[in-house]
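Asks: no letters, just coordinates:
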């Protein structure tokens with residue numbers, strides 16, 4: 001287990017809560033944010049993808065933004081977040097539907113064509129991976145753009161998929177004794 005994984009696991013044990021598949025991290029990850037913890041997690045992710053020739057980091061509004069920005073900063077590349085509402089200023093765009101099981105609502109994600117180009121190598125980042133709806137929407141947007149999804153990374157993977165780089169999995173968290 002990496003230093004980032006161990007640190008996150010200890011932080012969840014101290015300041016979070018696990019209730020089945022619900023992992024409460026509001027006090028340090030997705031409501032109030034600990035920037036030092038984000039930097040540690042971002043370094044772990046950026047190191048993993050450093051040799052993959054990533055040109056852009058892409059996330060969905062809102063909870064993935066902190067990690068996406070930190071990873072992009074370390075890699076020295078831009079990041080884009082897919083918006084949940086299309087602003088009047090957004091002209092031509094890509095769009096795909098996503099369903100949030102946490103919020104129990106469907107939403108459409110929008111990315112302006114001017115910020116995602118054909119043949120760009122993209123890294124998708126999010127806070128959690130559960131059912132995969134956000135990733136499916138991002139995959140659709142990347143496909144519409146003619147770009148290439150070069151990798152996916154999350155802080156916590158609650159699924160059994162192992163093709164997504166994660167700091168921790170739900171299995172690893174089950175040993176926190178909560």
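Replies: Nice, thanks for sending it over. Please read these numbers as outputs of a predicted model, since none were measured by experiment.
Asks: any idea of the mean pLDDT in the longest helix that the chain contains?
Replies: In the chain, with assignment by DSSP state H, the single longest helix is helix 35-49. Taken as a whole, helix 35-49 has an average pLDDT of 98.
Asks: can you check stretch 67-78 too?
Replies: pLDDT averaged over stretch 67-78 gives 98.
Asks: and it, which residues are buried?
Replies: Across stretch 67-78, burial judged by 16 or more other Cβ atoms under 10 Å covers 67-72, 74-75, 77. Where you see a C-beta, it was placed from the backbone N, CA and C, and this is true even at glycine.
Asks: give me the contact list for it.
Replies: If you take Cβ atoms under 8 Å, 6 or more residues apart in numbering as the criterion, stretch 67-78 is touched by 38-39, 41-43, 45-46, 49-50, 54-59, 79, 81, 115, 123, 125-127, 153, 155.
Asks: go on, stretch 12-31?
Replies: For stretch 12-31, the surrounding residues in contact (Cβ under 8 Å, 6+ apart) are 11, 32, 34, 37-38, 63, 127-128, 130, 155-156, 158, 168, 170, 173-174, 176-178.
Asks: got the buried residues for it?
Replies: Neighbour counts over stretch 12-31 (16+ other Cβ under 10 Å) mark 12, 16, 18, 23, 25, 27-30 as buried.
Asks: gap between the two ends of it?
Replies: From its first residue to its last, stretch 12-31 covers 14 Å (Cα to Cα, to the nearest Å).
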